[in-house]
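Peer 1: structure for this input, please:
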Amino acid sequence: VARTYLLDGHQRVSTLFGTLKRPDNIPQKVDDIDWGIFYDLEEEIFLFPKRTQSKPTWMPARVLSDSLALWEFLPTLKDKELVKRANQLSKAFLEYKMVLISIETDNLEQATLAFKRINSSGTEMGDVDMVAALSWSEQFDLREKMEEVREKLGEVGWETLEDKLILSACRAALDLNLYEANAEETSQLIKYNPQILEEVANHLIRTAQFLAKHCGIDSPNLLPYTYQSVLLTEALRKNPFPNDTTTQELKNWWWRTAYTERFSGINETGMQRALEEILDLAQGQSYNSGKLKEKIAPLPKNFNFASARAKLLVLRLAELKPQSQDGIVLKMGELLTHHGSQAMFRLIRGNSIPENGFLVEPVNSSKFRNYLLKPTDWHEDFLKSHAISPTAAHALKQGNYDNFLQERRKTLIDLEKAFIRPLGLDYEEEE
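Peer 2: Numbering: from 1, shown residues only. I've put the predicted structure just below:
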């Protein structure tokens, strides 16, 4: 049966329909979208009433295209000029011609491809959208399958993993390119191999467990580079139960590729090379760093939790088992999973440099600041748990915050150096 598909103008149509055609029996607010828009006939502007009660001179937008509703509203106006404005506005809406592009076909794939070709300058149709549309049938809905995968990943705290990464893991398992894979080919393979989604869900769970146990990463939000997880998932699919030696090689690969920013601006060739490398390691090969060690950039001057390097620093600090001001070791997994960037507390207000960041329960941040900034004899274990050297502690006790931060930066750099050198990496000296 042929159907008419709207190829361009969907957002315009849906917005206008919700605003102008909402029936009386439909709530004003649906799915967190407030359709209660009014036109102030006195000020001649559209507005949301928010918490304010609507005024008699506010015309509900949904009467603009409804002659009967408009006829019922007009007698409530006491000013003839306002009645005139209301009629003119309604006429403008009713006579307005809107550009829409549609196609009539019984082939959803044809409609989807047509949308992709004409929509280059509009709202981009993502890769997952394309595959979902092309693979859809009454028996298979990729979006529903993705939800099932995420529900399963929720068992290990990974329900926030992006759809594109789940799809990429499927592509890796189907021996397709990860970056520039053909949506048509992907949709066909997934449609006729729907079990791949359940299999990939199980492999992703194994990846989540591996990263939690061996890398201290309990949430997708802590991944330095998200595509690392896709490649590790494929490696663990090929070798679900690596021995201790292979496990160490996979751990080293993870940290090495993160610190060297391997996935920053990576292209298809680089992705394929990285995949081949980790698969070799999963099959028992060892990494050979050679005589010249690759150098990583020094600790950044600013801290941005969204960056890979900031997350790596957070993970290093978490390994120190930070303590609260009461000497209680914080539960890093829960803290970072639930609070993310909010767990990284700035001791000195207004200073965003890495050495000013401390892992703290947000609810206790004020107590933590008061405890550290009040000259006292802090416990040695507490100071070590926050990478505060005796020299830094002395500067802090003297109220010399600049020296304190300089000394703590040295400690953080030493912390990173000690971690990366066994990986076959070295550290560029700061200028």
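Peer 1: rest of the way, CA atoms for contacts and neighbours
Peer 2: Fine.
Peer 1: okay, now Val83: neighbour count?
Peer 2: Burial of Val83 is recorded as 17 neighbouring residues (other Cα atoms under 10 Å).
Peer 1: secondary structure class for it?
Peer 2: At Val83 the chain is in helix, as set by DSSP: H, G, I helix; E, B strand; the rest coil.
Peer 1: any stretches of the chain with poor pLDDT?
Peer 2: Screening the chain residue by residue with the criterion pLDDT under 70, one finds the ranges 1-2, 7-9, 49-52, 99-103, 108-125, 180-181, 289-292, 430-431.
Peer 1: measure the residue of it most remote from its centre to Leu68 for me?
Peer 2: Distance to the chain centre peaks in the chain at Lys80, reaching 53.6 Å (criterion: Cα atoms, centre = their mean). Distance, Lys80 to Leu68, by Cα to Cα, to the nearest Å: 19 Å.
Peer 1: all strands for the stretch 1-150 of the chain, in order.
Peer 2: In the stretch 1-150 of the chain, the segments counted as strands under DSSP state E, counting those that start in this stretch are 3-8, 29-30, 33-34, 38-40, 45-47, 58-60, 101-105.
Peer 1: how about those in a markdown table, adding mean neighbour count and distance to Ala258?
Peer 2: Compiled in a markdown table, these are given as follows (neighbours: other Cα atoms under 10 Å; distance: least, Cα to Cα, whole Å):
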| stretch | mean neighbour count | distance to Ala258 |
| --- | --- | --- |
| strand 3-8 | 15 | 41 |
| strand 29-30 | 10 | 43 |
| strand 33-34 | 12 | 40 |
| strand 38-40 | 20 | 52 |
| strand 45-47 | 13 | 48 |
| strand 58-60 | 21 | 55 |
| strand 101-105 | 14 | 45 |
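Peer 1: list just the one of these that sits closest to Asp127.
Peer 2: strand 3-8 (16.6 Å; Cα to Cα).
Peer 1: which parts of the stretch 51-200 of the chain are helices?
Peer 2: Using DSSP state H, counting those that start in this stretch, the helices of the stretch 51-200 of the chain run over 67-73, 80-95, 108-118, 127-135, 142-153, 163-173, 183-192, 195-215.
Peer 1: redo those as a markdown table? Include distance to Ile348.
Peer 2: Listed next are the helices of the stretch 51-200 of the chain as a markdown table, based on distance: least, Cα to Cα, whole Å:
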| stretch | distance to Ile348 |
| --- | --- |
| helix 67-73 | 59 |
| helix 80-95 | 56 |
| helix 108-118 | 50 |
| helix 127-135 | 43 |
| helix 142-153 | 38 |
| helix 163-173 | 38 |
| helix 183-192 | 50 |
| helix 195-215 | 29 |
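Peer 1: and Lys84, which of the strands of the stretch 1-150 of the chain is closest to it?
Peer 2: Lys84 lies closest to strand 58-60 among these, at 12.5 Å (Cα to Cα).
Peer 1: what sits against Ile278?
Peer 2: With Cα atoms under 8 Å, 6 or more residues apart in numbering as the criterion, the residues that contact Ile278 are 231-232, 235, 250, 253.
Peer 1: tabulate those (CSV), appending distance to Ala282, neighbour count and secondary structure.
Peer 2: Output for the contacts of Ile278, formatted as CSV (distance: Cα to Cα, whole Å; neighbours: other Cα atoms under 10 Å; DSSP: H, G, I helix; E, B strand; the rest coil):
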residue, distance to Ala282, neighbour count, secondary structure
Leu231, 11, 25, helix
Leu232, 9, 27, helix
Ala235, 6, 26, helix
Leu250, 7, 25, helix
Trp253, 10, 19, helix
